[in-house]
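S.K.: Need coordinates for the following:
(one chain, ligands or ions: 1)
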Amino acid sequence: MKEFGMVYRLYYWDGLQGRGEFVRLALEAAGAEYEDVGRADAPAMMAILESETETSLPFAPPFLQDGELIIPHVANILMYLGPKLGLAPKNKNLQFVANGLQLTITDFVAEVHDTHHPISTSAFYEAQKKAAKARTKDFLQNRLPKFLGYFERMAARNPASTKFIVGGRLSYVDLSLFQVIAGLQYAFPKAMRGFGKQYPKLAALNKRISNQKPVAAYLKSERRLPFSESGVFRHYPELDMAPAKAEAEADAS
Ligand SMILES: N[C@@H](CCC(=O)N[C@@H](CS)C(=O)NCC(=O)O)C(=O)O
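M.R.: Residues are numbered from 1 along each chain as shown. Here you go, the predicted model:
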């Protein structure tokens, strides 16, 4: 239990879900007390990022503060929070399996980001549209099925449960997968059209998570910002296409 008056402090950019949402979902699902500092007090976040003395200086948000401790990177934050919030496998070895899955989600999310920013993270999407189109085609054809296929297989072979991807109880990895799937459905509705049939385990997991009481309440709340074209999962209709079309275009080129 946390000491009285101590709440987790989450730091992430205001106005978008972004990578902060993976941490927010875990805090919300566990009913943890937290302050969304980046949203409520952006200068406080900048003060840490621009500090000249902070010895645990994060490179980028999201980061979490728990007392004196500052923890950056989604997967690292979730590895820290998971056992404290009851959102990680109890078995120590399985906690590393969970971390491995979460790091794979980090890689996946980076590739999703690169579909709209294939050349430069600092330049606008509009300045790299042509490359984005080529990158997205390859992503939809090759990378999306590879990542989703991997998570589907892992969900199907969890010896501890048919309900969760790792261990015998809900973990932060299940919550992050929910977020990835929701994000992909927003960004690429055409490409994701056959998702339920192709990935039945992931589809069932996704439904289960969205019906989990605290998650369902959070999703309906004002705290859940909508997906938008400033986040990681962006819907640009010109990039989205059915997998068969991506394949046909690749064959023709
Ligand atoms: N590996 C990090 C990535 C963090 C990251 O890329 N944060 C973005 C916002 S979602 C950012 O602010 N990046 C600033 C930069 O890269 O210059 C994580 O998983 O947390």
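S.K.: quick one: least confident helix or strand in the chain?
M.R.: Scoring the helices and strands of the chain by mean pLDDT, DSSP states H and E places helix 243-252 at the bottom, with a mean of 68.
S.K.: by contact count, what packs against the strand or helix carrying residue 111?
M.R.: Per DSSP states H and E: residue 111 is located in helix 92-116. Counting contacts by 3 or more CB pairs under 8 Å, 6 or more residues apart in numbering; DSSP states H and E, helix 92-116 packs against helix 74-85, helix 129-138, helix 144-156, helix 172-187. Glycine gets a C-beta too; all of them are placed from N, C-alpha and C.
S.K.: Can you mark which positions in it are buried?
M.R.: 94-95, 97-99, 101-102, 104-106, 108-109, 112-116 (16 or more other CB atoms under 10 Å).
S.K.: need the residues of this protein near the ligand, please.
M.R.: Contact residues, the chain versus the ligand (CB under 6 Å from any ligand atom): 18, 19, 60, 61, 62, 73, 74, 106, 121.
S.K.: which of those are buried?
M.R.: Counted by 16+ other CB under 10 Å, the residues of the chain next to the ligand give 18, 19, 61, 62, 73, 74, 106 as buried.
S.K.: From those, pick the one nearest residue 185.
M.R.: Closest approach between these and residue 185, by CB to CB: residue 18, at 17.1 Å.
S.K.: Just give the nearest non-adjacent residue to the closest one, would you?
M.R.: Spatial nearest neighbour of residue 18, excluding adjacent residues (CB to CB, 6 or more residues apart in numbering): residue 231 at 5.1 Å.
S.K.: didn't residue 192 look like it was pressed against residue 182?
M.R.: No. Using CB atoms under 8 Å, residue 192 is not in contact with residue 182; the gap is 10.2 Å.
S.K.: can you tell me which helix or strand whatever residue of the stretch 151-253 of the chain ends up closest to the ligand belongs to?
M.R.: Nearest residue of the stretch 151-253 of the chain to the ligand, counting by CB to the nearest ligand atom: residue 232, 6.3 Å away. For residue 232, there is no host helix or strand (DSSP H and E).
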